[in-house]
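Got a predicted structure here, sequence first:
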Amino acid sequence: MYLRKLTHSDQTAFFDYLIDWKDESEIIPASTKMEGLSFSTYLEKLEDLLGLDQAFPEETYVLTDEVGQIYGALNLRMKLDDDHMLYEGHIGYGIAPSQRGKGYGNLILDSGLALCREKGFKTVLITVNEENQRSEQIIKKHGGILENKVYKTDGFIHRYWIEL
């Protein structure tokens with residue numbers, strides 16, 4: 001299992017990943033910018049988000065296996081504006097509902113933190129909705145230190161810092 005960027009050959013696996021989330025009320029990582037776009041246009045948009053002209057560049061990765069099944073997705077934000085600093089953080093990740101409880105959350109965060117180290121990050125901000133206790137445990141296991149809680153329209157967000 002490893003993190004990598006999406007490619008054109010991932011279209012079927014990515015749509016299977018999205019279907020897995022159909023009954024979830026959460027935001028699906030890696031899909032929020034896809035609404036109304038073809039898969040090809042979506043991939044172009046992901047590349048544009050990393051472009052040098054972006055004030056707040058970000059990258060999207062998927063957690064996949066050797067046959068291309070997608071288990072989760074991770075967004076890595078290189079810089080944070082005020083909104084991302086309060087509510088989103090540097091890393092956002094999610095595991096497909098059918099794949100939870102199998103250790104993939106630890107794997108995706110571990111891999112995401114390794115990417116941050118490679119890119120020269122010294123500290124990483126990760127946020128989690130208050131009710132997402134499973135993800136909060138994963139963040140703490142990786143050294144997350146709670147800075148504070150902030151209120152967003154639908155509840156509290158816990159803000160954790162991890163030193164690399």
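Perfect, I can see it now. Numbers count the residues shown, from 1 in each chain.

Please make it C-alpha for all contacts and neighbour counts, starting now.
Will do.

Show me the beta-bridge partners of the nearest residue to residue 146 once chain neighbours are set aside.
Once its chain neighbours are removed from consideration, residue 146 has its nearest residue in residue 160; the separation is 4.4 Å (C-alpha to C-alpha, 6 or more residues apart in numbering). Assessed by DSSP bridges, residue 160 has beta-bridge partners residue 126, residue 146.

and residue 151, what does it touch?
For residue 151, the residues meeting the contact criterion (C-alpha atoms under 8 Å, 6 or more residues apart in numbering) are residue 157.

wait, the residue nearest to residue 146 sits on residue 149?
No - the pair residue 160 / residue 149 is not scored as a contact, 9.2 Å apart, by C-alpha atoms under 8 Å.

The two: which has the busier surroundings?
Neighbours per residue, other C-alpha atoms under 10 Å: of residue 160 and residue 149, the larger number sits with residue 160, 21 against 18.

Show the contacting residues for that one.
Listed by C-alpha under 8 Å, 6+ apart, the contact set of residue 160 reads 125-127, 139, 144-148.

how about a cut-off of 6 Å?
Contacts were defined as C-alpha atoms under 6 Å, 6 or more residues apart in numbering; by that measure residue 160 touches 125-127, 144-147.

Just the pLDDT for the residue nearest to residue 146.
Looking at residue 160, its pLDDT is 98.
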